[in-house]
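In: got a predicted structure here, sequence first:
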Amino acid sequence: MQDFFDSIANSFTKTFITDDRWLQLLSGLGVTIQITIFAAIIGVVIGFLIAIVRSTHDLQLSGKKCRKFSDYALKVANFLCNIYITVIRGTPVVIQLMIMYFIVFASSREGIVAAILSFGLNSGAYVAEIVRSGIMSVDKGQFEASRSIGFNYKSTMLYVIIPQAFKNILPALGNEFIVLVKETSVAGYVALHDLTYIGNLIRSRTYEAFFPLITVALIYLIIVLLLSFLLKKLERRLRSSDH
Amino acid sequence: MTTDNVLIKVENLCKSFGEVEVLKGINAEIKKGDVMVVIGASGSGKSTFLRCLNLLEEPTSGKILFEGTDITDASVNINLHRQKMGMVFQQFNLFPHMTILRNLTIGPTKLLKQSKSEAEQNAIKLLERVGLADRANAYPSQLSGGQKQRIAIVRALCMNPDVMLFDEPTSALDPEMVGEVLEVMKQLAAEGMTMVVVTHEMGFAREVGTDIVFVDEGVIVEQGSPKEFFENPKSPRLKDFLSKVL
């Protein structure tokens, strides 16, 4: 029995204390959070832009012929957005990450920038479809009421449609952020020392699998729980107009 | 009647949805202070006619002259003209994420550049007239159907329009709430507001309407003052329609 506890204590020490490995884990966590936050910002911005292009195309040009230059521009933009979404959703994020790092950033090898960009671009494609479904789910009457008051298309989107769409898509958007946090665990492929990479590094240095891997898993779980908690709080606040 | 009294003039208005021809050449004149009531069976094109007046539906051909301007012309900024044409929908279409007060003031503050306090004062004054001033800070989901529709009317009025378009304003209401909405509309008509009303409320048409229009299969079949329209209908189709609804 004594042996058993001794070996646990020994594993624990090797995993966390020796060489200040807990500090390495902490810095790995920092890298993971940094990538996630910036990628999420990029993803949301790209997602909203693409969703607005795509739904404007669907709302204004469905079944109609192009008449103005702006109609043709919209058609081209919609086409490009479709290609983007198809390519991003059709290829693994690890491959996208490696293309970004080994081809696009080949000369500079800015790992963290490459990771933020590729996870952001990847997330953007998914966010775009989520936001678009939210915009299309808002009742058509809302659109007509706003236009009948005299608002143009842009103001209608800004004041009437997007706020309602945002409320509808918040759970799906939250889900996307949760997926994003966990997807960053492949950042090690481009030599980034993120949480997963550090965990695996400690495992290979110490020949101890249990503590490093379980610790890493728990940390991800805590991040996700925290994220869900914040999202639920935001959801509740936005629901104040429902009774 | 001088021509400058004409607020809206519709010339040979046609509208098709794909292959389906809904409006087949409508001509009409709405003068200042008129209450034009449009009646007809469902599917006759009466709602489409109304929705063409502020271009929520884009006419396939024909002209709509509003205060002398042909608003079907592509070079016209339709948003400016819509500000002067209030519209009330069957499904109310209040903005659910805004309070009542915000519903009423967002147009005046953003489009008419009124100050917040000016727009709110005006909104409260109008709310008092429909007896809903105490609900200013509620959300639409907290109101009954009749209350929502009265708010929707006030929202259009807050833009200080020259004409009000009503698209079956009482059709989605429980029967006991129809009266309160019609009462507001009657009051509005009595004050001289120009109105175009699509409705199935024959009592309202007879009492308030100055010009009754019967639309069937995309054309105006008969038109006249309420008295001759209801007491002495000429076309067989109108006779048939009236015998079913009266």
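Out: Perfect, thanks for sending it. The structure presented is a predicted model; accordingly, all values stated were derived computationally and were not measured. Residues are numbered from 1 along each chain as shown, chains lettered A, B, ... in the order given.

In: in what element of secondary structure is the spatially most distant residue from the centre of chain B found?
Out: Note on chain B: the largest C-alpha distance from the chain mean falls to B:Ser117, namely 28.1 Å (CA atoms, centre = their mean). Using DSSP states H and E, the element containing B:Ser117 is helix B:116-129.

In: repeat that for A:Ile99.
Out: For A:Ile99, the element it lies in under DSSP H and E is helix A:93-99.

In: show the average pLDDT along the helix or strand following that helix.
Out: Proceeding N to C from helix A:93-99, the next assigned helix or strand is helix A:111-137, under DSSP H and E. The average of the pLDDT scores along helix A:111-137 is 95.

In: now helix A:111-137: buried residues?
Out: For helix A:111-137, a neighbour-count test (16 or more other CB atoms under 10 Å in any protein chain shown) marks A:111-132, A:134-135 as buried. (Glycine included, C-beta is placed from N, CA and C.)

In: and the residue nearest to A:Phe210 when sequence neighbours are not counted, how many residues sit next to it?
Out: Leaving aside its sequence neighbours, A:Phe210 sits nearest to A:Ser11 (CB to CB, 6 or more residues apart in numbering or on different chains; 6.6 Å). A:Ser11 has 17 neighbours, counted by other CB atoms under 10 Å in any protein chain shown.

In: please work out the average pLDDT along the helix or strand encompassing A:Ser11.
Out: According to DSSP H and E, A:Ser11 maps onto helix A:2-12. Per-region confidence: helix A:2-12 scores 86 on mean pLDDT.

In: next SSE after that helix?
Out: Following helix A:2-12 toward the C-terminus (DSSP H and E): helix A:21-61.

In: now stretch B:7-15: average pLDDT?
Out: Mean predicted confidence for stretch B:7-15 is 95.

In: show me which residues of that stretch are buried.
Out: Within stretch B:7-15, the residues scored as buried using 16+ other CB under 10 Å are B:7-11, B:13-15.

In: from those, pick the one nearest A:Gly199.
Out: Within the buried residues of stretch B:7-15, the smallest distance to A:Gly199 is 65.8 Å, found for B:Lys15 (CB to CB).

In: that older thread, buried sites along the helix holding B:Ser117?
Out: Those would be B:119-120, B:122-124, B:126-127, B:129, for helix B:116-129 by 16+ other CB under 10 Å.

In: next one: stretch A:227-242
Out: Of the residues in stretch A:227-242, A:227, A:231, A:238, A:241 count as buried by neighbour count, 16+ other CB under 10 Å.

In: next, count neighbours for the closest residue to the last one other than its chain neighbours.
Out: So the one you mean is A:Ser241. Here the nearest residue to A:Ser241 in space, its sequence neighbours aside, is B:Tyr139; by CB to CB, 6+ apart that works out to 4.3 Å. Number of residues near B:Tyr139 (other CB under 10 Å) recorded here: 20.

In: cool, and the one 5 residues further on?
Out: Taking other CB under 10 Å as the criterion, the count of residues near B:Ser144 is 13.

In: ditto for B:Leu246
Out: When neighbours are defined as other CB under 10 Å, B:Leu246 has 9 of them.

In: tell me how far it lies from B:Gly203.
Out: As judged by CB to CB, to the nearest Å, B:Leu246 and B:Gly203 stand 10 Å apart.

In: for the residue nearest to A:Phe210, give me its contacts.
Out: Listed by CB atoms under 8 Å, 6 or more residues apart in numbering or on different chains, the contact partners of A:Ser11 are A:206, A:208, A:210-211.

In: what residues does chain B put near chain A?
Out: Contact residues (CB under 8 Å from any CB of the partner chain) of chain B with chain A: B:18, B:54, B:56, B:79-80, B:82-83, B:85-87, B:89, B:91, B:93-99, B:106-107, B:110-111, B:139-142, B:152, B:155-156, B:159.

In: take the residues you listed and keep only those in helices.
Out: The helices, defined by DSSP state H, take in B:79-80, B:82, B:106-107, B:110, B:152, B:155-156 from these.

In: report all helices and strands that the helix holding B:Ser117 contacts.
Out: Helix B:116-129 sits against helix B:100-110, helix B:145-157, with contacts defined as 3 or more CB pairs under 8 Å, 6 or more residues apart in numbering or on different chains; DSSP states H and E.

In: can you dump the C-alpha atoms of the shortest one in PDB for me?
Out: Going back to what we said before, that points to helix B:100-110. Extracted C-alpha coordinates of helix B:100-110, given in PDB (Å, rounded to 0.1, in the frame of the first residue of the first chain):
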ATOM      1  CA  ILE B 100     -42.800  49.800 -27.000                       C
ATOM      2  CA  LEU B 101     -41.200  53.200 -26.700                       C
ATOM      3  CA  ARG B 102     -38.200  52.200 -28.700                       C
ATOM      4  CA  ASN B 103     -40.500  50.700 -31.400                       C
ATOM      5  CA  LEU B 104     -42.100  54.100 -31.700                       C
ATOM      6  CA  THR B 105     -39.000  56.300 -31.500                       C
ATOM      7  CA  ILE B 106     -36.500  54.400 -33.600                       C
ATOM      8  CA  GLY B 107     -37.900  55.700 -36.900                       C
ATOM      9  CA  PRO B 108     -38.300  59.400 -35.900                       C
ATOM     10  CA  THR B 109     -34.900  59.500 -34.200                       C
ATOM     11  CA  LYS B 110     -32.900  57.700 -36.900                       C
END
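
In: tell me the mean pLDDT for that helix?
Out: Average pLDDT, helix B:100-110: 96.

In: could you pull out the buried residues of it?
Out: Within helix B:100-110, the residues that qualify as buried are B:100-110, counting by 16+ other CB under 10 Å.

In: could you give the angle of it to helix B:145-157?
Out: Put simply, helix B:100-110 runs at 10 degrees to helix B:145-157, going by axes from the mean of the first three to the mean of the last three CA atoms, to 10 degrees.

In: now helix B:100-110 against helix B:116-129, angle please.
Out: Using the same axes, to 10 degrees: helix B:100-110 against helix B:116-129 is 130 degrees.

In: show residues contacting helix B:100-110.
Out: Under the criterion CB under 8 Å, 6+ apart, residues A:149-151, A:155, A:159, B:83, B:94-95, B:98, B:114-116, B:118-120, B:122-124, B:126-127, B:132, B:135-140, B:143, B:151, B:154-155, B:158-159 lie in contact with helix B:100-110.

In: so what pLDDT did B:Asp4 get?
Out: On pLDDT, B:Asp4 comes in at 66.

In: got a list of what A:Arg205 touches?
Out: Contacts for A:Arg205 (CB under 8 Å, 6+ apart) come out as none.

In: tell me the buried residues in the helix or strand containing it?
Out: Here A:Arg205, judged by DSSP H and E, is contained in helix A:195-206. For helix A:195-206, a neighbour-count test (16+ other CB under 10 Å) marks A:195-203, A:206 as buried.

In: ok, now stretch A:78-89?
Out: Neighbour-count burial for stretch A:78-89 flags A:78, A:81, A:84-85, A:88 (criterion: 16+ other CB under 10 Å).

In: show me which of these is closest to chain B.
Out: Comparing the buried residues of stretch A:78-89 against chain B with CB to the nearest CB places A:Asn78 closest, at 20.8 Å.
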